[in-house]
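Q: Take a look and give me a structure for this.
(chains A and B)
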Amino acid sequence: MKQQRVLKLHNSLSGKKEIFQPIVPGHIGMYVCGPTVYSDVHLGNCRTFTSFDVIYRYLLHIGYKVRYVRNITDVGHLTDDGEDRMAKGAKVAQLEPMEVAQRYTVGFHDMMRIFNNLPPSIEPRATGHIPEQIDMVKDIIDRGYAYERNGSVYFNVIKFSQENPGVYGQLSGRVVDELMAESRDGLKNQEEKNHPADFAIWMKGRPQDIMVWKSPWSVGFPGWHLECSAMSTKYLGQTFDIHGGGNDLKFPHHENEVAQSNGACGCSPANYWLHTNMLLLNGKKMSKSDGNIINPPQLFTGESEHISKSYSPMAVRFFMLQAHYRSTLDITDDGLQAAEKGFKKLMDAYNTLQNLPVNARDFDGSETEHDRAILALIEDAYQGMDDDFNTAIALASLSELGGYVNKIAHKQLASGDVAPWVIERLKSAFHTLVFDIFGLKDEESKEDSGTVEGLMELILELRANARAQKDWAASDKIRDTLAEVGIQVKDGKDGVSWEKN
RNA sequence: GGUAUCGUGGCCGAGCGGUUAGGCACAGGUCUGCAAAACCUGCUACAGCGGUUCGAAUCCGCUCGAUACCUCCA
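A: Next up, the predicted model:
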């Protein structure tokens, strides 16, 4: 299974699926735009990073050595009123800017852990890379694509696009001429720019700005798009393999990154650009002002008008995996419930599979249609992943494999119908896909103390006695009362089990 | 207004010119004292109107609708 499957991915630069070719065989450099840590993580962030987590996991699985860089943005983004975001957060909370950044960075990491996302290889902070950003501004000026105005430095989009036809706008489909026509009043420092499409790569700080640094041009802070260019260059090189982020970053953020890198070194930053799509809530975009919003903790506690119950992190992860990363995904209570059940069923099938006895004697050595079907489904799952990381396809195959597992477990297939080696192959593939690639984990509460186990054993024994004496009233009372406190009794063929809801 | 993506059965959601996606719900069945759970089976849709093609959910055009971006939020 290792190395080298033919991987296709959708490149936003071309708008098409392309066969992936790493710059250095066997190695991949991947940069994903990380969060701005001025408030709690948005659910949409979680989706994006979960999507890239699965991508990262799959690339590792198929044998690549991956350097995954995801930044923490702790400076540089402006609010509507032109204030530095970090500074604004600081004023509200009466905290040091770096204290705000630290608090939300920790919260972000906690949430990534809850969703079972692997940490990136490197997680650089913008504030830790001011010299690199200043150097990049110098490079851009030296190559003639930026100009200084009153202590701020602007990227010259017009000159750049004239001298590098076809570059600016390739990602987003924007046309520079239209940007000119579309430009509006009220944009920051518009009057300083040569052209409305130009953007700042260094901003001169004003007295109220707290997070400022010395530079050759002024005491100020780096431009809004520069950190990603500077940090990706530092850790992955001037041109690397994959650059990812949310769809909403395509323009202007990523478009400007491309321009900056080209402006600084004459080279394109990334060969493949991957963009994840947005999350909707009940068919509409999430919006704080409309109340159409839900955050991760609310999802886990059920404390929201939009949902009827709480959902576990893995149920939510499964929900996300059911959709392709480039599609919008609509969060609905029904959808989450369906995912929760689907996830549980998948885990049940996994557990059943692990306990499946392999009976070599009954197998006559020939390959059956069931053997072929199972192997084909496993291959389908991998091919789904090879095809632009289509987790929905892979999950569907896994689901069907679960059906086979149950048929075997329930003896609906004769034991000679599936070869032992196919069962072994299924076991390992199932495990690999579910845990290593999808990053799911079993959430069955195993932390329950022995006390509860002991009590339940006693209660179910009492019920069994009542049933043996056909005392249905007593046995049903036990069952119904347990149901009221959220414990479901399951009468199975080979005994009674129970489960907390 | 401009740009992009999309509109699939009761719900969510794959599909990239010809074959069953899958999940949930629902129906039937197995099991059961009854029920639940579990498992099995079934359930043939593609916004509208034109066009291309032997053949279209899939390509093209128009209409309607949604979402995103253009206002830095992934």
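
Q: Show me which residues of the stretch 401-501 of chain A sit near RNA strand B.
A: With CB under 7 Å from any atom of the strand as the criterion, the stretch 401-501 of chain A comes near RNA strand B at residues A:402-403, A:406-407, A:410, A:412, A:467, A:472, A:475-476, A:479, A:488-493. Bear in mind the C-beta positions are built from the backbone N, C-alpha and C, glycine included.

Q: And the residues you listed, which of them are buried?
A: A:402, A:406, A:467, A:475, A:479, A:489 (16 or more other CB atoms under 10 Å).

Q: Just the residues of the stretch 401-501 of chain A next to RNA strand B: which are in strands?
A: A:488-492 (DSSP state E).

Q: hang on, the earlier thing: closest one of the buried ones among the residues of the stretch 401-501 of chain A next to RNA strand B to RNA strand B?
A: A:Asn406 (3.2 Å; CB to the nearest atom of the strand).

Q: hang on, isn't the closest one packed against A:Leu353?
A: No: taking CB atoms under 8 Å as the definition, A:Asn406 is not a contact partner of A:Leu353, at 9.2 Å.

Q: Excluding chain neighbours, give the residue nearest to the residue in chain A positioned nearest to RNA strand B in space.
A: Per CB to the nearest atom of the strand, the residue of chain A with the smallest distance to RNA strand B is A:Gly246, at 1.2 Å. Nearest non-adjacent residue to A:Gly246, counting by CB to CB, 6 or more residues apart in numbering: A:Thr48, 4.9 Å away.

Q: check contacts around the one you found.
A: By CB atoms under 8 Å, 6 or more residues apart in numbering, the contact list for A:Thr48 reads A:32, A:244-246, A:276.

Q: Return the residues of the stretch 151-300 of chain A in contact with RNA strand B.
A: Residues of the stretch 151-300 of chain A found near RNA strand B (CB under 7 Å from any atom of the strand) are A:172-175, A:178-179, A:182-184, A:187, A:199, A:224-225, A:245-253, A:276-280, A:283-287.

Q: Buried ones among the residues you listed?
A: A:172, A:174, A:179, A:199, A:224-225, A:245-247, A:249-250, A:252-253, A:276-280, A:286.

Q: Pull the number of nearby residues for A:Leu458.
A: Neighbour count for A:Leu458, taken as other CB atoms under 10 Å: 10.

Q: What strand or helix carries it?
A: helix A:450-468 (DSSP states H and E).

Q: Now distance to A:Arg57 and secondary structure too, for the contacts of A:Thr48, in TSV please.
A: TSV is the format used below for the contacts of A:Thr48 (distance: CB to CB, whole Å; DSSP: H, G, I helix; E, B strand; the rest coil):
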residue	distance to A:Arg57	secondary structure
A:Val32	13	strand
A:Gly244	14	strand
A:Gly245	18	strand
A:Gly246	19	strand
A:Thr276	15	strand
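
Q: Mind putting those residues into JSON lines with pLDDT?
A: Formatted as JSON lines, the contacts of A:Thr48 follow (pLDDT from 0 to 100):
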{"residue": "A:Val32", "pLDDT": "95"}
{"residue": "A:Gly244", "pLDDT": "94"}
{"residue": "A:Gly245", "pLDDT": "93"}
{"residue": "A:Gly246", "pLDDT": "92"}
{"residue": "A:Thr276", "pLDDT": "93"}
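
Q: Turn these into CSV, columns for distance to A:Tyr145.
A: Putting these into CSV (distance: CB to CB, whole Å) gives the following:
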residue, distance to A:Tyr145
A:Val32, 26
A:Gly244, 25
A:Gly245, 23
A:Gly246, 27
A:Thr276, 30
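
Q: tell me the SS of the residue nearest to A:Gly246?
A: Under DSSP: H, G, I helix; E, B strand; the rest coil, the three-state class of A:Thr48 is helix.

Q: gap between it and A:Lys65?
A: 23 Å (CB to CB, to the nearest Å).

Q: just A:Ile423 next, same as before
A: Distance, A:Ile423 to A:Lys65, using CB to CB: 32 Å.
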